Each structure stands twice: as structure tokens, then as C-alpha cells.
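Asks: Sharing a sequence plus its predicted fold:
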Amino acid sequence: MSPTLSIIIPALNEQETLGKTLSPLVKAGDCEVIVVDGGSSDQSLSVARQAGCKTIAGPRGRSRQLNRGVTEAQGELLLFVHADTLLPDHFHQLVIDALQQPAVAAGAFSLAIDSPAVNLAAIAFLANLRSRLLHLPYGDQAIFTSRSGFAAVGGFPELEIMEDFVFIRKMKKLGRILILPEKAKTSARRWQNMGIMRTTLINQLIVCGYGLGVSPSTLARWYKRARGLGRQLP
């Protein structure tokens, strides 16, 4: 019997966080967990296999990894989770109930950041306000939809950056985007590594640049340069 829900996790050098993310997922009933690795040089694939997940060595790039995972998924409902994000209790039933509501095309959880810092709590509050008012969640909120809805918009656009933003905008044409009050807790590492103000400013500049018509490939180069990185985006 096929699982109701398929959870798809793109990974690239995530051995430090992946085990913690996967542990509660593999214990949930009636779902499969698929880790799509983009060519990790660490033990990410071994961690996923030891956890009992289906593993795929896919093409590098988050959008391509997500799309590749869907091709191997068996569930009629799809949940996309970042490798450093923890889902709330009973996430499985929450997703099923959400997608059974009339006119709901897709949804996501509210955001929490795994840190006691007050300023990061404020950032999460503003992110949740944005996602509720604009019906525009980002990938770290664990986006979910049905297989038919995913197919109707052609999956994730294979962009170097902003794939979640574009995907949700397409899904909005199919129906309502539901933001659940239960929270997905994402790692604070981005803000800790670059600084809270710098990270927030970079994120907003990328969104503004996209809105002004800057190409995703250019935005990806700006993003990596701002972070001081020469490697692929995580």
C-alpha cells in the first residue's frame, strides 16, 4: 500500500543536522522519507541510509533535487523539508487535514528559529506576518501540496535561487495558500554565521532584486558573494 505522504529533503553536506531532522520523520506512520543528495562530500548519504530513508543521488541544486525526489515519491501528498528544519508534532495529520480543506492548493507551517535570541524571534514574527498577509511562505516553513497540484504548475522552477518564491506564486493561481499556526523550527546557523542584520539585509535585497527583474543566476552570484562563498548554495 502506498504511503499517503512523501517527505522530500534536499541535502548537500548536511551530516551535522540531518540525523536530528530525520529521526522524528521516519517514526511517523503512513509516510515515506526521501533524501535527495546533491553530491555531498561528507557522510550525509550514510546518515540518511542509517535512519532508514530512501536515498537518491540527484543533480545538485535545490530545485532540481526537489523535483527529482518527486519522481521517486509514492505518496499523493508532498511535503518539502529543509535538512536543518524540525517539524511540529503530528505534522502528518496536520498536512492531510490542511489539504482536505476546500480550495486549498498548498500550505506551509509557521516559522520558528532555533535560538533563544529575542531579535531572531522578532525576525520569525515578521516572517510569519508576511506569509499570512501575502500568502507567501518560504521553503524553510516546509511547503506542502498534492501531487496533482505540483504537476499542474510544472514542479519547482529549476532556478539557482528563489525557487520556493516562484513555486508558491504559481500555486496561488490554483487556490488558497494555507499557513498553519503550528511551527517548523529551522536552524539559526545562517544568522549566526553571517550576523543577524547582514543576513536579513541580504535576504531582502535578493527578494527586491527579483522583483525588479534581476535574473536568478545573477541573484545567486550576488548571494554567494555577499556570504563570502565560492561553493554552491546549500
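Replies: Okay, I see it.
Asks: Could you tell me the model confidence score at residue 96?
Replies: Residue-level confidence at residue 96 comes out at 95, pLDDT.
Asks: quick one: it is in a strand?
Replies: No. The assignment for residue 96 (DSSP: H, G, I helix; E, B strand; the rest coil) gives helix, which keeps it out of a strand.
Asks: Spatially nearest residue to residue 161 (excluding sequence neighbours)?
Replies: Taking C-beta to C-beta, 6 or more residues apart in numbering, and ignoring the residues beside it in sequence, residue 161 has residue 220 as its nearest neighbour in space, at 4.4 Å. All C-beta atoms are positioned from the backbone trio N, CA, C, and that covers glycine.
Asks: what comes up buried for the helix or strand of the chain with the lowest mean pLDDT?
Replies: For the chain, using mean pLDDT, DSSP states H and E, the weakest element among its helices and strands is helix 216-227, scoring a mean of 79. With burial defined by 16 or more other C-beta atoms under 10 Å, the residues of helix 216-227 counted as buried are 216, 219, 220, 222, 223, 224, 226, 227.
Asks: quick one: which of the residues you listed is nearest residue 51?
Replies: residue 227 (28.9 Å; C-beta to C-beta).
Asks: which stretches of the protein form helices?
Replies: Under the criterion DSSP state H, the chain carries helices at the ranges 15-26, 44-50, 62-72, 91-99, 118-134, 147-152, 163-171, 189-194, 196-211, 216-227.
Asks: is it possible to export these to JSON lines including distance to residue 178?
Replies: Converted to JSON lines, those look like this (distance: least, C-beta to C-beta, whole Å):
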{"stretch": "helix 15-26", "distance to residue 178": "21"}
{"stretch": "helix 44-50", "distance to residue 178": "29"}
{"stretch": "helix 62-72", "distance to residue 178": "20"}
{"stretch": "helix 91-99", "distance to residue 178": "5"}
{"stretch": "helix 118-134", "distance to residue 178": "10"}
{"stretch": "helix 147-152", "distance to residue 178": "12"}
{"stretch": "helix 163-171", "distance to residue 178": "11"}
{"stretch": "helix 189-194", "distance to residue 178": "26"}
{"stretch": "helix 196-211", "distance to residue 178": "22"}
{"stretch": "helix 216-227", "distance to residue 178": "26"}
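Asks: for these, which one sits closest to residue 84?
Replies: Scanning the helices of the chain with C-beta to C-beta as the criterion, the closest one proves to be helix 15-26, at 4.3 Å.
Asks: Run the chain-centre distance for the closest one.
Replies: Averaging C-alpha coordinates over helix 15-26 and over its chain gives two centres that are 15 Å apart (C-alpha atoms, centre = their mean, to the nearest Å).
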